[in-house]
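A.B. asks: Just need the structure, nothing else, for what follows:
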Amino acid sequence: MPNIDKVIEALWDKREASIYGADGKEYRVIFSRPGGFFDVSILDNLEPMGFITLKHENKGLYSIVNDTKINPHSSLANTPGHGIEVKEKFRKRGAGKALLSVGIGIIQRDWRLEQRGGEFKVIASDITNIGLGCYHNFGFTIKEGMAVSSCYYTDPDTVPEINILPKKVCFIKRLAKRLRRDLRGDSG
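C.D. replies: Okay, the predicted model is just below:
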């Protein structure tokens, strides 16, 4: 597993870094700041796996972009305007968590370097059921209500390490989980 601090340092300085999955496979990470936004993409060879786009709102507040006018990856996103997207074939392998780790690491660095002040907080809104588990597993606080639609992350100092799993391992883990659930008699 790569050290997230080294990845963030390389991205901040060179706008590009490599990360390695659990099987040793290399993935390319690209960082840019189009129009003041913070944009991170992860690629498997030359194929985009996913992206995250964040923006600074005010003081210590950042958000995962949720604006239909802003979509730097229109060929990748299924839902234009949502600031995080992972291609379906790369889901359930840790790519979303990797994007969150790198994206939040980048804005933590911005917050410290720019001395933005205020409480550090990252907000995600209009969360879909597809992404809810990823945010929850990452450590976001989910705002419960009639329908879950937003969550936030407030730790300015740490983000989870990156761990992208190979497709085969993911399938086996999902199968084992399903078998345990079936043996317990759970329906969901």
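
A.B. asks: Now do the strands in the chain.
C.D. replies: Here the chain has its strands, by DSSP state E, at 16-20, 26-32, 38-44, 47-58, 61-64, 84-86, 121-125, 141-143, 150-153.

A.B. asks: Listing partners with orientation, what would you give for the second one?
C.D. replies: Right, the one you point to is strand 26-32. strand 16-20 (antiparallel), strand 38-44 (antiparallel) (DSSP bridges).

A.B. asks: Next: the last one.
C.D. replies: Looking at strand 150-153 with DSSP bridges, its paired strands and their directions are strand 121-125 (antiparallel), strand 141-143 (antiparallel).

A.B. asks: and what of the longest one?
C.D. replies: Each strand that strand 47-58 pairs with, and the sense of that pairing, follows from DSSP bridges: strand 38-44 (antiparallel), strand 61-64 (antiparallel), strand 84-86 (antiparallel).

A.B. asks: I'd like the distance from that strand to the chain centre, please.
C.D. replies: Chain-centre distance of strand 47-58: 8 Å, with Cα atoms, centre = their mean, to the nearest Å.

A.B. asks: Give me the contacts around that strand.
C.D. replies: 27, 36-43, 62-65, 70-73, 76-77, 83-87, 90, 95-96, 99-100, 102-104, 106-107, 110, 116, 118, 122-123 (Cβ atoms under 8 Å, 6 or more residues apart in numbering). Placement of C-beta: from N, CA and C, glycine included.

A.B. asks: Mind giving me the PyMOL select for these, buried ones only?
C.D. replies: In PyMOL, this line selects whichever of those come out buried by 16 or more other Cβ atoms under 10 Å:
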select buried, resi 27+37+38+39+40+41+42+62+63+64+65+70+71+72+73+76+77+83+84+85+86+87+90+95+96+99+100+102+103+104+106+107+110+116+122+123
